[in-house]
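Asker: give me coordinates for this.
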Amino acid sequence: AKAVEEQRLGVALLVKLAERLAEEDRDLFVAVLTPVLSKMAMALAGRDMQDTKARETGAFCAMLARSSKGSPLVALVTQLPIFRPKSVAVAVGPNVAGEGFRLQTESLLG
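Answerer: Reported below is the predicted structural model:
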């Protein structure tokens, strides 16, 4: 986590290492990358993903951009609590926006 934070570990290498680790040992991947991604995500608190000139946001966006389609790294990122909006009661009905719309409009990734 410290190497990523201090930018001693490049984004491309982080993504390759993460994807390789996910292939080799999924449990170890989750155990190692969850704290790293959580720390990176906490640095984004109070920002939006459009602020790509900020060092933290730029690195995070670059990591997501370099990840392959269906990447386990992206899947792990989306499970982090910081990317989930606060829970609210959602009404159900034909003209009511669903959970997907709420996540898209109210979460940091949306």
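Asker: which parts of the chain are helices?
Answerer: 2-5, 11-24, 26-42, 55-66, 72-78, 99-106 (DSSP state H).
Asker: output the fifth one as PDB, restricted to C-alpha atoms.
Answerer: I take that to be helix 72-78. C-alpha atoms of helix 72-78 as PDB (Å, rounded to 0.1, in the frame of the first residue of the first chain):
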ATOM      1  CA  PRO A  72     -11.200  -9.100 -10.500                       C
ATOM      2  CA  LEU A  73      -9.500  -5.800  -9.500                       C
ATOM      3  CA  VAL A  74     -12.500  -3.800 -10.700                       C
ATOM      4  CA  ALA A  75     -14.900  -6.200  -9.000                       C
ATOM      5  CA  LEU A  76     -13.000  -5.800  -5.800                       C
ATOM      6  CA  VAL A  77     -13.000  -2.000  -6.100                       C
ATOM      7  CA  THR A  78     -16.800  -2.000  -6.500                       C
END
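Asker: pLDDT weak spots in this structure?
Answerer: Along the chain, segments meeting pLDDT under 70 span 1-2, 4-5, 47-54, 85-100, 102-104, 106-110.
Asker: just to revisit the earlier point, adding mean neighbour count, write the helices of the chain out as JSON lines.
Answerer: C-beta: built from backbone N, CA, C; applies to glycine. Listed next are those as JSON lines, based on neighbours: other C-beta atoms under 10 Å:
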{"stretch": "helix 2-5", "mean neighbour count": "14"}
{"stretch": "helix 11-24", "mean neighbour count": "15"}
{"stretch": "helix 26-42", "mean neighbour count": "15"}
{"stretch": "helix 55-66", "mean neighbour count": "16"}
{"stretch": "helix 72-78", "mean neighbour count": "17"}
{"stretch": "helix 99-106", "mean neighbour count": "12"}
